[in-house]
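1. below are the sequence and a predicted model for it; my questions follow.
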Amino acid sequence: MNFFRKSSVMLLFLMICSGQAQARDCVVLLHGLARSDGSMEEMAESLLEAGFFVVNHDYPSTKHRIEELSRSVIREATAECPQESRVHFVTHSLGGILVRYYLEYHELDNLGRVVMLGPPNKGSQVVDAMAELPGFELLNGPAGLQLGTEQTSIPNSLGGADFEVGIIAGTRSINLILSQLLPNPDDGKVSVESTKLEGMADHLTVPVSHPFLMKDEEVILQTIHFLRYGQFQERADLR
């Protein structure tokens, strides 16, 4: 009987733990153009430590158009979240446009909050200037060609945010050549102005360049704060 009592207690414990895991908020991480899930590893580790269930989803960003990527990537990634959990997104660059495109045409009943890092929400002048250059499409794929600033580009053809989104933009560049193509301030790939989105809940600038936004300590802390509270934190109170 003692064995059965112990087994029952252990089963109850496992059921409770399982229920707690199911109840945890899930955060889907989507990397940027020509990057991989490895670029989001530090963000993923910090979110796990903060108590979130994390899906760091890799996808072939240079192989398909935004429309196709959005449909497949969002469905595959959210399917990895625990059932009935609230689903948040943390995106870098192109990843934010994939979320915008998906939410323009689909509903997520369990959608939580979204944090976009360096998103080209109004396109990028870098694409305008370099799209016709030899090798650009080879390196950036068909999705890269869709990120210009013309009104017919994918970012500019989508509506504003009707979901809770916070945006973090960089103001430091390590590519002075590309920065010459962008309105200041910029992060070397996207101008601060281009990151803004009608309907956004909050917007923050940090002195970080585009490739390192998702690895920056302050950005990570601010991301966690927004996911919890729906706004970024005053810098004096961040730590």
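-> Perfect, I can see it now. Numbering: from 1, shown residues only.
2. C-alpha from now on. contacts and neighbour counts both.
-> OK.
3. quick check: the most centrally placed residue in the chain vs Asn140, distance?
-> Here the mean C-alpha position of the chain is nearest to the C-alpha of Thr91 (C-alpha atoms, centre = their mean), at a distance of 0.8 Å. For Thr91, the distance to Asn140 (C-alpha to C-alpha, to the nearest Å) stands at 18 Å.
4. still on that earlier bit, so the residue nearest to the centre of the chain: helix, strand or coil?
-> The three-state assignment at Thr91 reads strand, by DSSP: H, G, I helix; E, B strand; the rest coil.
5. and it, what does it touch?
-> Thr91 makes contact with Leu29, Leu30, His31, Gly32, Val114, Val115, Met116, Leu117, according to C-alpha atoms under 8 Å, 6 or more residues apart in numbering.
6. how close does it get to Glu84?
-> In terms of C-alpha to C-alpha, Thr91 sits 22 Å off from Glu84.
7. over to Pro119?
-> Separation of Pro119 from Glu84 (C-alpha to C-alpha): 28 Å.
8. touching stretch 158-170 from outside, list them.
-> Residues outside stretch 158-170 that contact it (C-alpha under 8 Å, 6+ apart): 100-101, 104, 112-119, 186-187, 192, 195-210, 213, 219, 226, 230-232.
9. and Gly112, what does it touch?
-> Taking C-alpha under 8 Å, 6+ apart, we find Gly112 in contact with Arg86, Val87, His88, Phe89, Glu164.
10. quick check, it in a strand?
-> Yes: under three-state DSSP, Gly112 sits within a strand.
11. for Cys26, give the beta-bridge partners.
-> In this entry, Cys26 is beta-bridged to Phe53, Val87, by DSSP bridges.
12. for Ser194, see how far away it is.
-> 28 Å.
13. which of those two has more residues huddled nearby?
-> Cys26 (28 against 21; other C-alpha atoms under 10 Å).
14. per-residue pLDDT, the more buried one?
-> Listed pLDDT for Cys26 reads 98.
15. could you do the one 10 residues further on as well?
-> Note on Ser36: pLDDT of 95.
16. over to Val9?
-> In this model, Val9 carries a pLDDT of 41.
17. just the one 5 residues further on next, same as before
-> Looking at Leu14, its pLDDT reads 39.
18. now swap in the one 4 residues further on and tell me
-> Ser18 is assigned a pLDDT of 39 by the prediction.
19. just the one 5 residues further on next, same as before
-> Taken from the predicted model, the pLDDT recorded for Ala23 is 51.
20. what helices or strands is the helix or strand hosting Val73 leaning on?
-> Element membership of Val73, judged by DSSP states H and E, is helix 66-78. When contacts are defined as 3 or more C-alpha pairs under 8 Å, 6 or more residues apart in numbering; DSSP states H and E, helix 66-78 packs onto strand 53-57, helix 94-105.
21. now that helix: average pLDDT?
-> Rounded mean pLDDT across helix 66-78 is 97.
22. any chance of the backbone angles for the spatially closest residue to Val126 that is not a sequence neighbour?
-> Using C-alpha to C-alpha, 6 or more residues apart in numbering and skipping residues adjacent in sequence, the residue nearest Val126 is Leu181, 6.0 Å away. When read as degrees, to the nearest 10, the backbone of Leu181 gives phi -90, psi -10.
23. what is the burial count for Leu181?
-> Counted with other C-alpha under 10 Å, Leu181 comes out at 20.
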